[in-house]
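**Q** Take a look and give me a structure for this.
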Amino acid sequence: GNLLYGEADVGIDPQTGIALGGSQMLPLANATDTEHHEDCRLFVFNGEPYISYTEMGGYRPGIDYTCITKYARLKLSRGKWSVLQEWQPRHGNNNGFKKEKNWIFFEHDKKLHCIYATDPEHVILELDGDSVKRKYDSPGPLWQWGHIRGGTPPVDLGDGRLMCMFHSSIPTETPPHYVRYYAAAYTFEKKPPFRVLQISERPILSGSEEDGHRVDPRYTEGWKPYVVFPCGLVPDKDGWLMSFGIND
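**A** Predicted coordinates for the structure are as follows:
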């Protein structure tokens with residue numbers, strides 16, 4: 001019932017926003033050890049560090065596998081991180097009885113927003129704690145490598161565009177492998193209704209056998225060995241540095 005997160009003995013790097021130091025366990029409220037937490041992403045809202053994550057129960061698809069999206073405000077004090085408050089937005093299937101994941105959070109006009117969906121429509125939610133205050137819909141991009149999901153918190157390109165890396169998958173493999181994941185980038189307007197502007201012509205990364213993999217015995221029915229899963233994006237000289245998970 002805990003998350004791993006960086007312990008910053010010297011705080012946060014002011015230029016990159018990256019926590020410096022070792023690591024520690026980050027306790028979450030109401031953790032019962034019957035759930036597990038995945039797909040963590042860090043973002044900044046009102047100048048403070050936040051984390052979003054998927055809280056999951058069970059491992060067997062269609063039997064006991066459910067998940068919800070939560071986010072939390074963090075605090076750094078004397079080199080230790082703690083959770084100040086957690087929220088579970090009320091929208092879609094985010095009630096604990098089905099599957100809701102891959103929400104991507106960002107700040108606009110001093111209000112918290114998230115990318116709720118990218119295709120077939122680009123759906124942006126304005127949030128206030130657990131509540132959805134506004135919903136923006138615009139046409140989604142065209143992409144030939146599966147349904148666009150999740151990705152990195154958007155970065156500001158400084159010209160009216162936000163950019164994020166996303167993942168998708170298509171059923172190209174034989175059972176029990178099933179699918180292969182892909183990653184690419186798209187941009188959208190940084191103001192409502194946040195219309196999509198551009199998308200990569202082809203995948204930038206794909207799940208690969210060369211990275212190695214092994215079966216998770218808790219999750220054999222849904223295990224996917226060929227995965228690339230973008231989570232974070234920061235400027236790096238004349239390019240970008242991305243963090244991502246591979247091969248489940």
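
**Q** where are the low-confidence patches of this protein?
**A** 1-21, 29-33, 59-62, 176-177, 218-219, 221 (pLDDT under 70).

**Q** Count the residues that sit near the closest residue to residue 98 other than its chain neighbours.
**A** Sequence neighbours aside, residue 66 is the residue nearest to residue 98 in space, at 6.2 Å (criterion: C-beta to C-beta, 6 or more residues apart in numbering). Where C-beta positions appear, they are placed from N, C-alpha and C, glycine not excepted. If you count neighbours by other C-beta atoms under 10 Å, residue 66 ends up with 16.

**Q** beta partners for residue 182?
**A** Note on residue 182: beta-bridge partners by DSSP bridges are residue 168, residue 206.

**Q** how far away is it from residue 71?
**A** 26 Å (C-beta to C-beta, to the nearest Å).

**Q** can you check residue 197 too?
**A** 26 Å.

**Q** So between these two, which is more surrounded?
**A** residue 71 (22 against 14).

**Q** is it true that the more buried one touches residue 53?
**A** Yes. In this structure, residue 71 is within contact of residue 53 by C-beta atoms under 8 Å, at 7.4 Å.

**Q** Alpha carbons only: can I get stretch 150-162 in CSV?
**A** Below are the C-alpha coordinates for stretch 150-162, written out as CSV (Å, rounded to 0.1, in the frame of the first residue of the first chain):
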residue,chain,number,x,y,z
GLY,A,150,-2.0,7.9,-21.0
GLY,A,151,1.5,9.3,-21.4
THR,A,152,3.6,12.0,-19.8
PRO,A,153,2.3,15.2,-18.1
PRO,A,154,2.3,17.8,-20.9
VAL,A,155,5.3,20.1,-21.3
ASP,A,156,5.0,23.7,-22.5
LEU,A,157,6.8,24.3,-25.7
GLY,A,158,6.5,28.1,-25.2
ASP,A,159,4.6,28.8,-28.5
GLY,A,160,1.1,28.1,-27.4
ARG,A,161,1.5,24.3,-27.6
LEU,A,162,1.7,21.6,-25.0
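
**Q** Quick check: buried residues in that stretch?
**A** Within stretch 150-162, the residues that qualify as buried are 150, 151, 152, 153, 154, 155, 161, 162, counting by 16 or more other C-beta atoms under 10 Å.

**Q** From the chain's centroid, how far away is that stretch?
**A** 14 Å (C-alpha atoms, centre = their mean, to the nearest Å).

**Q** Could you do stretch 164-173 as well?
**A** Averaging C-alpha positions (C-alpha atoms, centre = their mean) puts stretch 164-173 14 Å from its chain's average.

**Q** Show residues contacting that stretch.
**A** Stretch 164-173 is contacted from outside by 104, 115, 118, 143, 145-155, 178-186, 204, 224, 226-230, 233, 242, 244, using C-beta atoms under 8 Å, 6 or more residues apart in numbering.

**Q** ok, the residue of the chain positioned farthest from its centre to residue 180 distance?
**A** Most distant from the centre of the chain: residue 78, at 28.0 Å, with distances by C-alpha atoms, centre = their mean. Going from residue 78 to residue 180 by C-beta to C-beta gives 45 Å.

**Q** Residue 216 too?
**A** For residue 216, the distance to residue 180 - C-beta to C-beta - is 18 Å.

**Q** Of the two, give the one with the bigger neighbour count.
**A** residue 180 (23 against 11).

**Q** any idea how far that one lies from residue 197?
**A** For residue 180 relative to residue 197 (C-beta to C-beta), the value is 27 Å.

**Q** Could you pull up phi and psi at the nearest residue to residue 215 once chain neighbours are set aside?
**A** Once flanking residues are discounted, residue 215 sits nearest to residue 223: 5.7 Å by C-beta to C-beta, 6+ apart. When quoted as degrees, to the nearest 10, the phi and psi of residue 223 stand at phi -70, psi 140.
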